[in-house]
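Asker: sequence plus the predicted model coming up.
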There are 2 protein chains.
Amino acid sequence: MDAGERARAAVVVTGSELLTGVISDRNGPWLAHELSELGFEVAHVQLVGDRLGDLDRALRYAADDGCVLIVTSGGLGPTADDLTAEVVASFAEAELVLDEEMHTRIGQILEGFAARTGFGGPALDEATRKQAMVPRGAVALPPVGTAPGLVVPRPGGPLVVVLPGPPRELQGMWPAALAAEPVKELLSGVPGTEARSLRFFGLPESEIAATLREIGAERDLSGVEVTTCLRRSELEVDLRPRPGAAGVADALHGELAARHARHLVSADGTTTDELLAAALLERGWMVATGESCTGGMLASRLVDRAGSSAYVAGGVVAYSNEAKTALLGVPAEMIAEHGAVSPEVARALADGARARFGADVGIGITGVAGPDGGTEAKPVGYVCFCVTTGDGQVIARDPVLPGSRADIRERSTDVGMHLLLRAARGS
Amino acid sequence: MDAGERARAAVVVTGSELLTGVISDRNGPWLAHELSELGFEVAHVQLVGDRLGDLDRALRYAADDGCVLIVTSGGLGPTADDLTAEVVASFAEAELVLDEEMHTRIGQILEGFAARTGFGGPALDEATRKQAMVPRGAVALPPVGTAPGLVVPRPGGPLVVVLPGPPRELQGMWPAALAAEPVKELLSGVPGTEARSLRFFGLPESEIAATLREIGAERDLSGVEVTTCLRRSELEVDLRPRPGAAGVADALHGELAARHARHLVSADGTTTDELLAAALLERGWMVATGESCTGGMLASRLVDRAGSSAYVAGGVVAYSNEAKTALLGVPAEMIAEHGAVSPEVARALADGARARFGADVGIGITGVAGPDGGTEAKPVGYVCFCVTTGDGQVIARDPVLPGSRADIRERSTDVGMHLLLRAARGS
């Protein structure tokens, strides 16, 4: 391990439902991101079932793999298949003992629950007691739901942070975990690393790869870990310096931004959604949507952000031709002449939405989402966009977007967000 | 290992971007589900970076853990950090050799790409050659994108199936992987197991747990693996029999369905979305939406399914009070008297949507999604729903839904789907 290597951490997520594909894990990516930001190299994320042996093996695997920190999620509930505290205690060679303070606290929380539901008696007492058992020498973290978390030092390492499975509880407990003495001590020896982010729209991953090769031929970039991630039509590039390479990362960040300025959305991690909200607020503009193939997905995305009522007037999902005409005033003759999927209809949807909602900017989207309904002239994936504004801007596009029905609708929503951003920026 | 144990399989997903939390993995859950359906017990899903040592350790860990099958995803591209073929070859103690047929095939695929982009020359030749290198004794699977997959037997086991990272390519290649001789042979020794599914709406997980304890006290259920998964307002229960326990699983399935009939949505794995589509088609009904806090999320969900134009007329996202009045005819006095979030306005939104789109069934949703805007009488999470139909049904609800802004909007969409289903079923 050379001096520039980062400390390694691992994530262990428990839950048998994650191994039958019933549900997707949200805690692994969230914890991996937090650990990366703190300066760790995340060695791996393991999803394991609620089985004693498997959980134990996962912990030992991470320890053997040189990890100084393991974060677990799940398995802290009151039922028999919630085994994490027991397994971690044995892994850390510590006996489980009743934490009186925690016992009282959980008792109080569950009292309210019992009063509401009528559930109680010996089963409740047992559940309370189980959740208050803490490995000797561990730090208990106060419950966000009913289950406390744990910070468990193991002789010789690694340190194990045990968190509950529900994402809301896990994320809510994270600050307390970081503030716990053993974690603070560990972190003091891990130099932080902040990723430099670049977000591009419409830039192929291969072009960034080519630029990186070119620059890499001129100078040493090995101190910077580059992660590129294509999310539909957006390309996110993260530059994460190893200790001592912050300058190299900054220079590379500037150079990538400059070379691909035409496709650059943001160079500071800001999302397209944040940029659009800020631009609309700055202009004092209200937006209205007229959607066909996206079926409300764009309106819903605009409303995702708290406070969106300050810039979202509303929208119409005009899925049928009759609705396009009746609700947004698209002339029936226009549909007959050019077809429902046409640049003309996209513009009429934008103008109609703007007019009906008294908005400053309108967007129309109409396309062939598939899987059926494509023709040679208008294949599946052909989508017409138009943004029109009260101050006379008209921005139109009609690309053929790749992928499945879901892909096409999601990409269309992305394109819509970017065209709105362009209009709101007036560029 | 007793006779009832299932064969174990493991999933190894590679990609450094998965370990910085930039992106969530979709292949792990998908493969875990497929492997479970085939009858395997999935021991774990590991997410590892594009690092030679980490990938090798992940494979050895799965082998040591008694897995007879490992499926990998990712790391098959043309760039230097795409290491999977090399690592798997070394793991399987097989030399990498050029597969001439695959070389020609990839060359043809990339020719089209080169012609479109102008990219070519020695770099392209090298990429083609790299992707056509196959471990001796392995079966190459034809590319769905540009990268071929691999089925690599290791002396003494396990069998390794190597698939590309893009979900579309991975899923597209899966049937060919299952049809490959070594996989077929392995599967012939694994008794299949089909999960019995139950889907409930509005049933707390604790009630299912209590029922399972009760039945478990009467007779032995150990042959059935029960997975419960709460997805917002729906509870999915999967019963997976171990070899020989199909009868026990069937009896339990029937009993759970009967005891909780009031909350049962489906007992055969059918989703709410499928049930609603079928019910609307059977009635020949068109649906229209009038959404406020969900902002188009319900309309978008209705349009998710191919062929939805047969039963979705459209919808209005009436986010502002003016829009509610202008587009859906909600009287301004009604809003002034009862508030925009009220059962009265929900009903007017439903009636308005139905009238404006000429639909048979309309739904109105208006609520306080938060994080601000709650009052004592109408706290954050208070959402009013109303479904009205041309044949005179009126179904209204006004629950207080828990969670964040995103949770409340998603739960509201779920509730909306279930109320529409109830109306379409006429029950």
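Answerer: Sure, I can see it.
Asker: for A:Pro191, helix, strand, or coil?
Answerer: On the three-state scheme (DSSP: H, G, I helix; E, B strand; the rest coil), A:Pro191 is labelled coil.
Asker: next up, the contacts around it.
Answerer: Residues near A:Pro191 by CB atoms under 8 Å, 6 or more residues apart in numbering or on different chains: A:39, A:243. Where you see a C-beta, it was placed from the backbone N, CA and C, and this is true even at glycine.
Asker: gap between the residue of chain A positioned farthest from its centre and A:Gly339?
Answerer: The outermost residue of chain A relative to its centre, with distances by CA atoms, centre = their mean, is A:Glu333 at 43.8 Å. When distance is defined by CB to CB, to the nearest Å, A:Glu333 is 12 Å away from A:Gly339.
Asker: let's see the helix ranked longest in chain A as PDB, backbone CA atoms only.
Answerer: Taking DSSP state H as the criterion, chain A has its longest helix at helix A:405-425. Taking C-alpha atoms only, helix A:405-425 is exported to PDB below (Å, rounded to 0.1, in the frame of the first residue of the first chain):
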ATOM      1  CA  ARG A 405     -40.800   2.600 -23.400                       C
ATOM      2  CA  ALA A 406     -39.700   3.500 -19.900                       C
ATOM      3  CA  ASP A 407     -36.300   4.700 -21.100                       C
ATOM      4  CA  ILE A 408     -37.800   6.800 -23.900                       C
ATOM      5  CA  ARG A 409     -40.200   8.500 -21.400                       C
ATOM      6  CA  GLU A 410     -37.500   9.100 -18.900                       C
ATOM      7  CA  ARG A 411     -35.100  10.500 -21.400                       C
ATOM      8  CA  SER A 412     -37.900  12.700 -22.800                       C
ATOM      9  CA  THR A 413     -38.400  14.100 -19.300                       C
ATOM     10  CA  ASP A 414     -34.600  14.800 -19.100                       C
ATOM     11  CA  VAL A 415     -34.600  16.500 -22.500                       C
ATOM     12  CA  GLY A 416     -37.600  18.600 -21.400                       C
ATOM     13  CA  MET A 417     -35.800  19.700 -18.300                       C
ATOM     14  CA  HIS A 418     -32.800  20.800 -20.300                       C
ATOM     15  CA  LEU A 419     -34.800  22.700 -22.900                       C
ATOM     16  CA  LEU A 420     -36.700  24.500 -20.100                       C
ATOM     17  CA  LEU A 421     -33.400  25.400 -18.500                       C
ATOM     18  CA  ARG A 422     -32.000  26.700 -21.700                       C
ATOM     19  CA  ALA A 423     -35.100  28.900 -22.200                       C
ATOM     20  CA  ALA A 424     -35.000  30.200 -18.600                       C
ATOM     21  CA  ARG A 425     -31.300  31.000 -18.900                       C
END
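Asker: list the buried residues in that helix.
Answerer: By 16 or more other CB atoms under 10 Å in any protein chain shown, the buried positions in helix A:405-425 come out as A:405, A:407-424.
Asker: A helix includes the residue farthest from the centre of chain A, no?
Answerer: Yes. Under three-state DSSP, A:Glu333 falls within a helix.
Asker: sketch out the low-pLDDT regions of chain A for me.
Answerer: A:1-4, A:21-22, A:79-80, A:113-123, A:427 (pLDDT under 70).
Asker: residue ranges of each domain in it, please.
Answerer: Domain ranges of chain A: A:8-188, A:196-266, A:272-425, per automatic domain parsing.
Asker: in a markdown table: these, plus distance to chain B.
Answerer: A markdown table is the format used below for the domains of chain A (distance: least, CB to the nearest CB, whole Å):
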| stretch | distance to chain B |
| --- | --- |
| domain A:8-188 | 2 |
| domain A:196-266 | 4 |
| domain A:272-425 | 3 |
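Asker: of those, flag the one that's most buried.
Answerer: Greatest average neighbour count among the domains of chain A goes to domain A:272-425 (a mean of 21), per mean count of other CB atoms under 10 Å in any protein chain shown.
Asker: gap between it and the chain center?
Answerer: Here domain A:272-425 shows a centroid-to-chain-centroid distance of 24 Å under the convention CA atoms, centre = their mean, to the nearest Å.
Asker: ok, which stretches of the stretch 101-250 of chain A are strands?
Answerer: Along the stretch 101-250 of chain A, counting by DSSP state E, counting those that start in this stretch, strands occupy A:133-135, A:139-141, A:149-153, A:159-163, A:196-201, A:224-231, A:234-241.
Asker: so which of these gets nearest B:Asp398?
Answerer: strand A:159-163 (34.8 Å; CB to CB).
Asker: and that closest one with strand A:149-153, angle?
Answerer: For strand A:159-163 against strand A:149-153, the angle between stretch directions is 170 degrees (axes from the mean of the first three to the mean of the last three CA atoms, to 10 degrees).
Asker: circling back to that earlier point, could you check the angle the longest helix of chain A makes with strand A:234-241?
Answerer: Relative orientation of helix A:405-425 versus strand A:234-241 (the same axes, to 10 degrees): 80 degrees.
Asker: name the helices or strands packed onto helix A:405-425?
Answerer: Helix A:405-425 sits against helix A:272-283, helix A:297-303, strand A:361-367, strand A:383-389, strand A:394-397, with contacts defined as 3 or more CB pairs under 8 Å, 6 or more residues apart in numbering or on different chains; DSSP states H and E.
Asker: distance to A:Ala176 added to those, as JSON lines?
Answerer: Below are the helices and strands packed on helix A:405-425 laid out as JSON lines (distance: least, CB to CB, whole Å):
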{"stretch": "helix A:272-283", "distance to A:Ala176": "28"}
{"stretch": "helix A:297-303", "distance to A:Ala176": "32"}
{"stretch": "strand A:361-367", "distance to A:Ala176": "44"}
{"stretch": "strand A:383-389", "distance to A:Ala176": "46"}
{"stretch": "strand A:394-397", "distance to A:Ala176": "48"}
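Asker: cheers, nothing more for now.
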